[in-house]
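Asks: Fold the following and give me the result.
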Amino acid sequence: MSARRVMTWYGVWMALLAGAFYAFPAAHIPLWCAIGLSSAGAILYGLFRYRPRRWSPWLWMIVGLLLLSAGDTLYNVMTDVFGQVNPFPSPADMLYLAMYPAVTIGLLGLSKAGAAARDRTVPLDALIVTAGLGLLSWVFLISPQILNQDLTMTQRLVSVAYPLGDILVLATIGRLIAVVPFSPTVALLTVGAVGLMAADVMYGLVQLHGYWTVGGPVDLGWIVFYACWGAAALHPSMAELTTPRVVRPREMRTTHQALLVVFVLIPLLVLVIGVGQGRLQYPMVIVAFVVTTVLLTLGRLFGVINSYRGNTMRTSGIRASNAALMSATTVDGVTWALKRTAERLLPPGNDYRVAMIMNDKGNTSDLFQAGMTTGSQLRFTRSLPPDIAARMGDFEITMICPLALDDRPTGDPHIGVLLIASDENSLSYLQMPMELVASQAALAIERIMLSNEITRHNSEQYFRTLVHNAADVILIIEPDTGRIRYASPSAQTVFGTAELTGKNLSELVAGPHDTLVADLFALAAADDDADTADWTVLRPDGTTVQTEVSCRDLREEPTVGGLVLTLRDVTDQRRMESELTHLAYHDSLTGLANRVRFAERIGQAIARADADGSVVGVLFIDLDDFKVVNDTLGHEHGDRLLRAVGQRLAAVLRTDDVAARLGGDEFAALIEGAPDAATIDEVADRIVAALGEPFTIDDRLVSGAASIGIATSADARSAPELLRQADLALYVAKGEGKGQWRRYQPDLHTAIVERLELRTELDQAIAGKEFTVEFQPIVELRTGVTAGYEALVRWNHPTRGRLLPGEFIEVAEESGQIVAIGTEVLHQAVAAAARWQREAGDGAPYVSINVSARQFRTPGFVSSVHDFLTAEGLPPGRLMLEITESLLLRDDDQVWEDLTELRTTGIRVAIDDFGTGYSSLSYLRHVPLDVVKIDRLFTSTIASSAQQAALVDGIVRLAHTLGLQVIAEGIERTVERDLLSRIGCRYGQGFLFARPLTGEQAITVITEQKVAA
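Replies: Next comes the predicted model:
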């Protein structure tokens, strides 16, 4: 049923009840009760039908109506049933008076709930009017009641309360009219309130001057009140009273100003008239009304001042916003400026949300009223589209400002909408400035869009030129047939022909053609825009070009309508990538696999061996004398040797096997598919034999002999374990001599652990001073007189006893501990020689000390020798340092300078174990030496080999020619001594003369020689 029909039936019903009320006085009690209940029922019906935002104001009004109806019913029962004559006051008056607060609360609720803009002058105006009416009520209604001596105090108070209640209702009605747009509902509420006040005034006058009876004209006012308030709730505009809306500040009309002036002057006029007539009653009450009116007027003045101040601040914020909008170059910049504007205008700490929705394809049409291009509106946030409502947070109300221009070139004025969500007070504060800012934002967005359009047009021309001159090829492909519809000019460079239009793509690309178009769709649908494919383009001349292809599906674009392919020539790039990949897995010098590739292949080989039960072998190959070659012949010759070794190694292995260079002079081999470990041993034999043959490098024969460590999958199940075991086996092979191979055995691990333990014990021995020195005499062969002593190191091991150098020197050399040990030996030997000097004087023997190459090259070695001599007081001539040939093989200027410096100070230098290394007899001419010590290898065979005797004789003769002394080592028989003496070797040492002596034993021998002399 329509609202109009409902209101019509309601009006007819109320008219029938009113007519029956006057026509049938005897039934006035139920009829009057029906009138009151019908009014309350109409409001309740309106609530359920229109479901306003706030129900509570209307519910309070229902309570007021029910209180009034209950009071009337109670009064009628008291008079008609119980026969009371005009009972005043009565319990019914309590119900009447309770009606006023309920109705006032309801009217105030309507005036607050429906106003999104708060004008603080409105309640002040209402209070000024109320004060004026209150004073008039006091003069004409209230004071007569108070002065009526026929009334009791209770009757006076009740009589005064009625006009006060009417004034209160009238004031709230006035406020409602002032703050909400006028509507049929407001009009009906106003008429009903006037009817209530008129009836109450008439009721008061009747009570004052006579007796009131039911069914008189006074009841018409209450009937109007009941009927109008019920009808107000039945009109659809009742929901608008509590619906948020932007209320425009209305300019105060002249009549409004005149009424305010009249009501401001009423208290003064009453005061002046009363004084002039000399009948001023209750002057303090009138003065109170005057003061109240003055204060309200001042409050309104302050409100105007505050409003002006607020407008000034808003103007400043709008000015800053306009500046930001003018400088914005993007839509996001406009959004940021709008957010900053809201932040400036709102009081600090107020929460808010700002969003801007662009009108793309009309998607904002449901956010503003039809034809709305200015102003703003308030909407419940929940009524917005879900995605937009989510952006507005938990605020109940959102203000919507359209961004529109009436004269847009497109014809559609709507650019978008600005949405601001906050509390109602904040929205009322923002409504006017944000509407102004929204219009400026619309201009800014239109400016940006026009600028972008101009830029786009310019860019189209730019990109058209760019496409025609780009190196990349751009093709447009028909999605159904795969034919080329467009090809950029650069396509001729890649495809080798300019005639591409109309050709099928499959004719130009190598590979499977039946899925070519499907592959393009898959490439275009890839989530990552960077996804590409590699194609090989077939040129007419038979050559190929490697290209990188990306695809975009632009079938929906009217200007394209196909698949857009971008092809880039990456032939050189792919070749470089292939070369880099090869370098990443191969040694650049030899071309063999490198360590990374070797480890990868081991893992693959083990996996295959697990499947077929074969054996995998890993061989670590280390060149025995590569360092010597590198030092003597130079790095260039060393690199040539490494390349030659790599070639020979690869030639020995099968095609499926892998040869690798791990670094330096370390090579490796991977043997796959061997039936057993013995097969791998045979490969090791072949490698040792192959590398044992000298290499010819620049017409020189160079040794490439190698030691090999072998590990097999029979003992290890992972690549790291195989590598570790092969390394251990190589370590053992090199320790046992050159040109050998050793396969890993579990007991090798124990030997390696023992060497590591020995290294640890050496550290402890150095710290604990466990090394001591023994001395082996160096005697003159003809006289047997001791000329000097060679210092020999001994280790007093805490558990293994006295250890000779052969048991620990090799480990010390590897670890570098030889430097600390050599320093300790040098210190003890120099100290012992100094003691000999003190005991025997000038006839004391010298001391000869072995110095390792590593110790000699230690920075500061020469100065440390001088420091020891100075500290002990030993003349430099009493010290001889024995060096090995390996120290002299490297072309090291610093070594030669140090040798020269030592000899210059008087310290003698001897070359130990001469003839066992790479030196030749002619080599002695260039070495700064004083003594040559012939190795025991020659001494022990001199008596049995004429060839060895001749060789020793040559060494001695050459040494004498060069002014060098000769000392023969390892003399154990008299025949060896005699032969050496006859060929001119003056000095010798060995067990024939004495075994190594302790320091005290050496002192005893020296003392005895001194006494004998």
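
Asks: what about the strands in the stretch 551-700 of the chain?
Replies: Assigned by DSSP state E, counting those that start in this stretch, the stretch 551-700 of the chain shows strands spanning 562-569, 615-623, 658-663, 666-674, 695-697, 700-702.

Asks: what's around Glu774, how many residues?
Replies: Neighbourhood size, Glu774 [other C-beta atoms under 10 Å]: 19. All C-beta spots, glycine's among them, are computed from the backbone N, C-alpha and C.

Asks: and it, that one's in a strand?
Replies: Yes. Under DSSP: H, G, I helix; E, B strand; the rest coil, Glu774 sits within a strand.

Asks: distance of it from Ile821?
Replies: 14 Å (C-beta to C-beta, to the nearest Å).

Asks: if we can go back for a sec, can I get the strands of the stretch 551-700 of the chain in CSV including mean pLDDT and mean neighbour count?
Replies: Formatted as CSV, these follow (pLDDT from 0 to 100; neighbours: other C-beta atoms under 10 Å):
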stretch, mean pLDDT, mean neighbour count
strand 562-569, 85, 20
strand 615-623, 94, 25
strand 658-663, 93, 22
strand 666-674, 93, 22
strand 695-697, 88, 16
strand 700-702, 84, 13
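
Asks: now these as a markdown table including distance to Ala1012?
Replies: Converted to a markdown table, these look like this (distance: least, C-beta to C-beta, whole Å):
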| stretch | distance to Ala1012 |
| --- | --- |
| strand 562-569 | 98 |
| strand 615-623 | 55 |
| strand 658-663 | 62 |
| strand 666-674 | 59 |
| strand 695-697 | 59 |
| strand 700-702 | 55 |
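
Asks: what about the ones you listed, which gets the closest to Glu435?
Replies: strand 562-569 (45.7 Å; C-beta to C-beta).

Asks: got the buried residues for stretch 848-865?
Replies: 848-856, 858, 861-862, 865 (16 or more other C-beta atoms under 10 Å).

Asks: could I get these as TSV with secondary structure and pLDDT?
Replies: Below are the buried residues of stretch 848-865 laid out as TSV (DSSP: H, G, I helix; E, B strand; the rest coil; pLDDT from 0 to 100):
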residue	secondary structure	pLDDT
Ser848	strand	96
Ile849	strand	96
Asn850	strand	95
Val851	coil	94
Ser852	coil	91
Ala853	helix	87
Arg854	helix	87
Gln855	helix	91
Phe856	helix	91
Thr858	coil	90
Phe861	helix	93
Val862	helix	93
Val865	helix	95
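
Asks: Just send those residues back as a markdown table, with distance to Pro798 too.
Replies: Output for the buried residues of stretch 848-865, formatted as a markdown table (distance: C-beta to C-beta, whole Å):
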| residue | distance to Pro798 |
| --- | --- |
| Ser848 | 29 |
| Ile849 | 26 |
| Asn850 | 25 |
| Val851 | 27 |
| Ser852 | 25 |
| Ala853 | 30 |
| Arg854 | 26 |
| Gln855 | 25 |
| Phe856 | 30 |
| Thr858 | 28 |
| Phe861 | 30 |
| Val862 | 34 |
| Val865 | 31 |
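
Asks: If His586 is in a bridge, with which residues?
Replies: Ala593 (DSSP bridges).

Asks: That one: what's it in contact with?
Replies: 592-594, 597 (C-beta atoms under 8 Å, 6 or more residues apart in numbering).

Asks: try 10 Å
Replies: 592-594, 596-597, 660-661 (C-beta atoms under 10 Å, 6 or more residues apart in numbering).

Asks: cool, Leu592 as well?
Replies: So Leu592 contacts 586, 598, 642-643, 645-647, 649-650, 658-662, 667-669 (C-beta under 10 Å, 6+ apart).

Asks: Look up the pLDDT of it for me, please.
Replies: On the pLDDT scale, Leu592 is placed at 93.

Asks: how close does it sit to Ala660?
Replies: Leu592 is 5 Å from Ala660, by C-beta to C-beta.

Asks: Identify the contacts common to these two.
Replies: Joint contacts of Leu592 and Ala660 (C-beta under 10 Å, 6+ apart) are 586, 598, 646, 649-650, 667-669.

Asks: end-to-end on stretch 880-900?
Replies: Length of stretch 880-900, first residue to last, C-alpha to C-alpha, to the nearest Å: 14 Å.

Asks: any chance of the contacts of His586 in CSV, plus distance to Met99?
Replies: As requested, the contacts of His586 are arranged in CSV below (distance: C-beta to C-beta, whole Å):
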residue, distance to Met99
Leu592, 109
Ala593, 105
Asn594, 102
Val596, 97
Arg597, 101
Ala660, 107
Arg661, 109
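
Asks: in the stretch 901-1013 of the chain, what spans have low per-residue confidence?
Replies: The stretch 901-1013 of the chain contains residues with pLDDT under 70 at 915-924, 1013.

Asks: Return the set of buried residues in the host helix or strand of Glu814.
Replies: In this structure, Glu814 sits in helix 809-815 according to DSSP states H and E. Residues of helix 809-815 classed as buried: 809, 811-813, 815 (neighbour count, 16+ other C-beta under 10 Å).

Asks: CA atoms of that helix as PDB?
Replies: Only the C-alpha atoms of helix 809-815 are listed here, as PDB (Å, rounded to 0.1, in the frame of the first residue of the first chain):
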ATOM      1  CA  ILE A 809     111.900 -33.300  10.100                       C
ATOM      2  CA  GLU A 810     109.700 -34.100   7.100                       C
ATOM      3  CA  VAL A 811     106.600 -33.200   9.000                       C
ATOM      4  CA  ALA A 812     108.200 -30.100  10.400                       C
ATOM      5  CA  GLU A 813     109.100 -29.100   6.800                       C
ATOM      6  CA  GLU A 814     105.500 -29.500   5.600                       C
ATOM      7  CA  SER A 815     104.000 -27.600   8.500                       C
END
